[in-house]
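>>> predicted structure and sequence below. I'll ask about it afterward.
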Amino acid sequence: MSELAANVPRFVVVAPLGRDGDLISGFLNGAGFPAENLQQLRGVETRDGAMLLGLILTDEALQRGGLDAVRRLVRSQPVWSDLPVILLTSSSTEPGCAALASQARIEVRSLILLDRPIRKEMLLSAIQVAFNARQKQLQVRDAAVKQFQSDEALKKSEHLAVAGRLVATLAHEVNNPLEALGNLLFLVENSSTLDEAHSFGQLAIREFHRISEIVDHTLKFHRAPAHPSFTDVSELAMSAVTLFRGKLRERQIRERVTAERAFGYCSEGEIRQALVNLIGNAVDAMKDGGSLRIHVMPVSVDGVEYARMTVADTGGGIRKEIRPQLFRQFFTTKGSSGTGLGLWLTRDIVERNGGKLRFRSRTETPCGTVFAIYLPSSPPLEQPKAVQDRGQGAGLQRVAAAM
Ligand code: ADP
Ligand code: MG
C-alpha cells in the first residue's frame, strides 16, 4: 500500500489481530476513501482532529488502554467535531472485549456497530455515511472560521476608523488653542507693561493646559489596558466627552455630564471605544445644535450592581422601520461618511464585558435618543447564578424598564 501524503484527511483503521487492518485499509483506499492502518490506538488522540475522517476499530483494539485512548480522542475534539467511529464486533471475541464494546457504545456518540464477519457492501455503506457526516462537519467548521475571521477584520477596521477619526479630531481640537497660544505669545512679546504681559501669559498657560489635556485624553484612548479590571466609568465618560468638545462648540451643542462614581468590571479601552461610538452618533444626530446629556451612576437591578452610562441626544431620533437593522454590520444612514460598524461593535464590546446595551428613541417632538450601557460591577464568577441563568428574562426587562 502506498503511503498517504501528510496533508490528506483520512480514516484510521486499528485492527491489531491478523491481517484485518491491512485488508480493510487496502479495501478503503481502493474504494477512494484514504485510510491508514495503525497497530494500536495509543497516541491517536494527539492527531489533528481535522485530519481524521473517522476511526474504524475492531473490538480487540479497545483492550490495553485502547478505550481510554478513544475517550481522550473524543473529548479532545473541537466543538464542531463529532468524530465518526465504526466498531467491528464479533461474538467469538473474549468477554472482556464485548464489555469494552458496550462501554464504547455508551460513551461515543457517533458510533456505528458492525458485526463480523462483515460484508464489503455493508462496510462501504457505513464508511460512506461516516464520510458524508464528517464532510458536513468540516464545511460547518470552515464557514465558522470564515465568519470569525471576517468579524475580526471588521472589528480591526472599525478600531482603525475610530483611531483615524481621533487623529482628525485631535488635529482639529488642538488647532484652535494652538492658534490662540500663538496670538497670546505674540501679545506677551509686545506688551508695554509687565502687568499686561502677565495677564496674556496667564491666558496662554490656560490654552497650553487645554492642549495638553486634549493630547492626554487621546493617548489614554490608545493606551488603555485591554484586560478587564475594576474601572471608574465616570472618569471614562468624562474623558471620552473631552474628545468631542471642539465639535460640540462648533455645532452649538450644549453638553451636560453628570457622573457619580460607578465601578464597572470591564476592559477600559474597549468601553472607552464604545462610549466614543455612542457620543459620536449623538453628535452626528444633532447637525443643527441641541443638547448632549451624559449620565453615569451605579444602579441595582434585581440585587445585581451595575454601572450605568447613558448618552442622550436631542437629535431627530431613530425611525421605527430602521431599528431592527441598527446593530447589523454596515448599516448606516450616513452614506459614505458612515461605516455602519459603530453600533455593531459597541454591542459586541458591551456584551463581551458581561454588560447590556439598550436604547430608546422618539421621532416625534420632543425627539431624541438615549443609549444606555450597563456594566456589571463585579467579575462574572462573583455574580449570583440566578442572573447568569436568567439571560433575556425578567432581569433584563427590569434593566430596560429602568431606562
Ligand atoms: P454609522 O455611525 O457609521 O452610521 P453606527 O453603527 O454607529 O454606524 O450607526 C448606525 C446607524 O444608526 C446610523 O447611521 C444612524 O442612522 C443610526 N443611529 C445611531 N445612533 C443614533 C442616534 N443617536 N440618533 C439617530 N440615529 C442614530
Ligand atoms: Mg457611528
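Received, thanks. Numbers count the residues shown, from 1 in each chain. Ligands and ions are numbered 1, 2, ... in the order given.

>>> please count neighbours and contacts with C-alpha atoms only from this point.
Noted.

>>> need the residues of the stretch 101-250 of the chain near ligand 2, please.
Within the stretch 101-250 of the chain, no position is adjacent to ligand 2 by CA under 5 Å from the ion.

>>> just for the stretch 101-250 of the chain, where's the confidence low?
For the stretch 101-250 of the chain, applying pLDDT under 70 flags the ranges 169, 172-173, 176, 220-226.

>>> quick one: the helices in it, in order.
Ranges of helices in the stretch 101-250 of the chain, per DSSP state H, counting those that start in this stretch, are 120-189, 194-223, 233-242, 245-250.

>>> centre of the chain to the shortest one, how far?
Think helix 245-250. Relative to the centre of its chain, helix 245-250 is centred 33 Å away, using CA atoms, centre = their mean, to the nearest Å.

>>> check which helices and strands that helix is in contact with.
For helix 245-250, the packing partners by 3 or more CA pairs under 8 Å, 6 or more residues apart in numbering; DSSP states H and E come out as helix 120-189.

>>> and if you look at the third one?
Using 3+ CA pairs under 8 Å, 6+ apart, the elements in contact with helix 233-242 are helix 194-223, strand 253-259, helix 268-285, strand 290-301, strand 304-313.

>>> buried residues in the second one?
So the one you mean is strand 253-259. By neighbour count on 16 or more other CA atoms under 10 Å, the buried set for strand 253-259 is 253, 255, 257, 259.

>>> highest average neighbour count across the helices and strands packed on helix 233-242?
strand 304-313 (a mean of 24; mean count of other CA atoms under 10 Å).

>>> orientation of that one relative to strand 253-259 in degrees?
Here the directions of strand 304-313 and strand 253-259 differ by 170 degrees (axes from the mean of the first three to the mean of the last three CA atoms, to 10 degrees).

>>> identify the residues contacting the closest residue to residue 187 other than its chain neighbours.
For residue 187, ignoring the flanking residues on the chain, the nearest one in space by CA to CA, 6 or more residues apart in numbering is residue 200 at 6.8 Å. Taking CA atoms under 8 Å, 6 or more residues apart in numbering, we find residue 200 in contact with 184-185, 187-188.

>>> dump the residues you listed into TSV; add distance to residue 77 as well.
Listed next are the contacts of residue 200 as TSV, based on distance: CA to CA, whole Å:
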residue	distance to residue 77
184	69
185	69
187	74
188	74
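
>>> out of these, who's nearest residue 177?
Proximity of those to residue 177, judged by CA to CA, is greatest for residue 184, which lies at 10.1 Å.

>>> count of neighbours near the closest one?
21 (other CA atoms under 10 Å).

>>> going forward, begin numbering at 177 instead of 1
With 177 as the first residue, the last one maps to residue 360.

>>> check contacts around it.
376-377, 379-380.

>>> so which of these comes closest to residue 224?
Taking CA to CA as the measure, residue 224 lies nearest residue 380 of those, at 65.9 Å.

>>> just checking, that closest one touches residue 355?
No - the pair residue 380 / residue 355 is not scored as a contact, 10.4 Å apart, by CA atoms under 8 Å.

>>> now do the contacts for residue 450.
By CA under 8 Å, 6+ apart, the contact list for residue 450 reads 518, 521-522, 525-526.

>>> residues in this structure within reach of ligand 1, list them.
457-458, 461, 491, 493-494, 502, 507-510, 514-520, 545 (CA under 6 Å from any ligand atom).

>>> filter these to the buried ones?
457-458, 461, 491, 493-494, 502, 507-508, 515-520, 545.

>>> out of those, list just those in strands.
Among those, DSSP state E puts residue 545 in strands.

>>> least confident pick among the buried ones among the residues of the chain next to ligand 1?
On pLDDT alone, residue 515 ranks lowest of those, at 75.

>>> can you tell me the closest non-neighbouring residue to it?
In space, residue 515 is closest to residue 506, 6.0 Å off (CA to CA, 6+ apart).
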